[in-house]
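K.L.:
I'll drop the sequence and a predicted model, then ask my questions.
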Amino acid sequence: MTAGALPEPGAARSAPDRLLAVLAAFDHGHPALTLTDISRRAGLTLTTAHRLVGALTEWGALERDADGIYHVGLRLWEVAALAPRGLALRQIALPYLEDLYEATHENVQLAVRDGDEVVYIEWLSGRSAVGVHIRVGARWPLHATGVGLALLAHSDPASQETYCQGELAAFTPYTLTDGARLRRVLAEVRRTSVAVSSRQVTEDALSVAAPVRGSGGAVVAAVSVVVPQAGAQVPVLTPAVRVAARGISRALGWQPDEASTPRTRRGSGASGRGSLIPGRSALPTPPPTPLSAPPS
């Protein structure tokens, strides 16, 4: 059963499968469920659901409120925090994501790959930033996002070919749905080390993404900035995203070949990491965003 997929009714499943089906009943669209809801969504009898939910609640994976509604418990968060591609990566990347946000005051995202999807593990946004269908934990197909293209382009050739031959879901009239064209796009991403995704999920947004490498040099994540498609300055955003990705990579232990690394001007930012953008003044300074304002 793939992540987030609901089981087929009547399918024969082992005890672990049934336990995981209970947890899979919860998603961003269904964060709070009654026992009956869990039974239905997990494809279990009410008796079996009651027994499994009781065990999960006792362990702390689920929590039951005063109204008898179940929610995901903090014990799962504690376990998930141990994932090397989860909280640990977020903590290392956050200073560089904050730099990128301060330089652009637009949506900044960090994502990892899970199968044929990207999973967003961090997201920074301001009130005036373009609206996006993203939240921490959200999933999108690889071909429809900048971070997804950056991750797919640096995966093994067999994985890329399998993906390109599969069905490519469309979300707007501009979504990349042709396998041959996707192959060309991936080749360009590898050549430039940056992915540009325009109007793929919503018609008013454009993202610029770059790969993040781990200590061994393999791509382990991708960082992006998402801006309004109208008037987007891709040549200005590209170095900012690249520098952020490179900073996170270095913090993860990656040591690039300095001989092949483009030189950039160093600033004297208060963070001690230097200016995020070569010639930072090239970006127009946006109005300050109130810290108390909710993201759009």
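P.N.:
Nice, thanks for sending it over.

K.L.:
Tell me where the chain is predicted with low confidence.
P.N.:
For the chain, applying pLDDT under 70 flags the ranges 1-12, 81, 83-86, 127-134, 258-296.

K.L.:
Give me the outermost residue of it relative to its centroid.
P.N.:
Largest separation from the mean C-alpha position in the chain: Thr47, at 36.7 Å (C-alpha atoms, centre = their mean).

K.L.:
For that residue, give me its contacts.
P.N.:
By C-beta atoms under 8 Å, 6 or more residues apart in numbering, the contact list for Thr47 is empty. Heads up, the C-betas are built off the backbone N, CA and C, glycines and all.

K.L.:
So it versus Val22, what's the distance?
P.N.:
For Thr47, the distance to Val22 (C-beta to C-beta, to the nearest Å) stands at 13 Å.

K.L.:
give me phi/psi at Gln109?
P.N.:
For Gln109, the backbone dihedrals (degrees, to the nearest 10) come out as phi -130, psi 150.

K.L.:
Can you name the residues that contact it?
P.N.:
120, 122-124, 134, 147, 207, 223-226.

K.L.:
Strands of the stretch 151-296 of the chain, residue ranges please.
P.N.:
For the stretch 151-296 of the chain, the strands defined by DSSP state E, counting those that start in this stretch cover 195-198, 205-213, 219-228.

K.L.:
Figure out which of the ones you listed is closest to Arg242.
P.N.:
strand 205-213 (4.9 Å; C-beta to C-beta).

K.L.:
For the closest one, what is the distance to the chain centroid?
P.N.:
Computed by C-alpha atoms, centre = their mean, to the nearest Å, the chain-centroid distance of strand 205-213 equals 11 Å.

K.L.:
Can you list the strands that it pairs with?
P.N.:
strand 195-198 (antiparallel), strand 219-228 (antiparallel) (DSSP bridges).

K.L.:
Buried residues of the longest one, list them for me.
P.N.:
Burial within strand 219-228, assessed by neighbour count using 16 or more other C-beta atoms under 10 Å, is assigned to 219-227.

K.L.:
can you tell me how far the residue positioned nearest the centre of the chain sits from Ser193?
P.N.:
Centroid check for the chain by C-alpha atoms, centre = their mean gives Tyr120 as the closest residue, at 2.0 Å. Using C-beta to C-beta, Tyr120 is found at 21 Å from Ser193.

K.L.:
hey, where'd the helices end up in the stretch 51-200 of the chain?
P.N.:
74-80, 87-104, 146-153, 157-165, 179-192 (DSSP state H, counting those that start in this stretch).

K.L.:
Can you convert the ones you listed into JSON lines and add a column each for mean neighbour count?
P.N.:
Below are these laid out as JSON lines (neighbours: other C-beta atoms under 10 Å):
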{"stretch": "helix 74-80", "mean neighbour count": "13"}
{"stretch": "helix 87-104", "mean neighbour count": "19"}
{"stretch": "helix 146-153", "mean neighbour count": "28"}
{"stretch": "helix 157-165", "mean neighbour count": "14"}
{"stretch": "helix 179-192", "mean neighbour count": "15"}
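
K.L.:
can you tell me which of those helices comes nearest to Gln255?
P.N.:
helix 87-104 (15.5 Å).
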